[in-house]
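*Asks:* What follows is a predicted structure for the sequence shown.
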Protein chains: 2
Amino acid sequence: MSEVSAKLRRVDGLNFNVEVAEGRRIQLNSAEDMGHAFTPMELFLVALAGCTAMDVQWILEKQRQKVEGLEITVRGVRREEDPAYYEKIYLEYSVRGQSIRKDAVERAIRLSQEKYCSVTAMIKETVKTHITYTIANGKGNEQKFVYPALSHNVR
Amino acid sequence: MSEVSAKLRRVDGLNFNVEVAEGRRIQLNSAEDMGHAFTPMELFLVALAGCTAMDVQWILEKQRQKVEGLEITVRGVRREEDPAYYEKIYLEYSVRGQSIRKDAVERAIRLSQEKYCSVTAMIKETVKTHITYTIANGKGNEQKFVYPALSHNVR
């Protein structure tokens, strides 16, 4: 899958129907009354978080971590001026499972951020990303960390 | 809307449920059998095209162009190596309407690409975008142009 394409057709106002490969459809809008539509900037944020979510899941499995739950919360803060892109993006990974190792999670996030995540790679020069992660063993024991860990990032 | 957020929850494999504001939902996957899901890189491309589609529609209206139809075809070619981001993106705008002026379309695309489109602004340093546009009056008269027009881009 080295090539991806989509076709957008305006319906009315700023409402567009989008068709991706094999007829998968999604609706775009920028109005207040969104219905089932999304704004382009929402989809961008979902793309970014989805990209790193898949990387992290895949890399944790390679490291034989038994992931029972993976959640990502992503939040983007836009500039006031045009172009009103995200000047800051906050990513919070939550990994749940028995005996999940902190170093394995840290490594998965690092490989995603530095090597694999294609969306991250395209915005690296422009957007500042703040990353935290939580590890929970499902028995109420939950710890929160900032990425990168200080040992990898002495300034 | 200076802040946007989303929450992703893994279901199984690389299949994630995503919830954006007010419960709007979308599904992410990276498998062959996509169902109604999208890949992160598909959503990224939709975000990029949607962003500039809305700009162009809005700017054409400001210029009193009577747009009867607006379509955007977007195609992204990924790198072979990791991170496999889009090294080239092809955007093709198709504007249909009576007496649509070429210079108005050119200007709308330029303002979007250089000033307004937030997604474009985030990837400017990384991705090469190739742009063409077609103007049709709906009576079989259709002309295709390359953006930017040479007069604005003498090298």
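*Replies:* Structure's in. What do you need?
*Asks:* partners of the closest residue to A:Ala21 other than its chain neighbours in the sheet?
*Replies:* Of all residues not flanking A:Ala21 in the chain, A:Ser5 sits nearest, at 7.1 Å (CB to CB, 6 or more residues apart in numbering or on different chains). Placement of C-beta: from N, CA and C, glycine included. In this structure, A:Ser5 has beta-bridge partners B:Arg75, where bridges are defined by DSSP bridges.
*Asks:* May I have the residues that are in contact with A:Ser5?
*Replies:* Residues touching A:Ser5, when contacts are defined by CB atoms under 8 Å, 6 or more residues apart in numbering or on different chains, comprise A:Val20, A:Ala21, B:Leu45, B:Thr73, B:Val74, B:Arg75, B:Gly76.
*Asks:* from what I can see A:Glu19 touches B:Phe38, true?
*Replies:* No - the pair formed by A:Glu19 and B:Phe38 falls short of the contact definition of CB atoms under 8 Å, at 11.5 Å.
*Asks:* who has more neighbours, the two?
*Replies:* Neighbour tally, A:Glu19 and B:Phe38, criterion other CB atoms under 10 Å in any protein chain shown: the higher count belongs to B:Phe38, 27 against 15.
*Asks:* Confirm for me that that one is in contact with B:Ala31.
*Replies:* No - taking CB under 8 Å as the contact criterion, B:Phe38 and B:Ala31 are not neighbours in contact, 11.6 Å apart.
*Asks:* Residue nearest the middle of chain A, spatially speaking?
*Replies:* A:Ala49 (0.8 Å; CA atoms, centre = their mean).
*Asks:* pretty sure that residue is in a strand, no?
*Replies:* No - note on A:Ala49: no strand contains this position according to DSSP: H, G, I helix; E, B strand; the rest coil, which reports helix.
*Asks:* Before we move on, what's the pLDDT of the residue nearest to it when sequence neighbours are not counted?
*Replies:* Excluding its sequence neighbours, the residue lying closest to A:Ala49 (CB to CB, 6+ apart) is A:Val74, at 3.9 Å. Predicted confidence (pLDDT) for A:Val74: 98.
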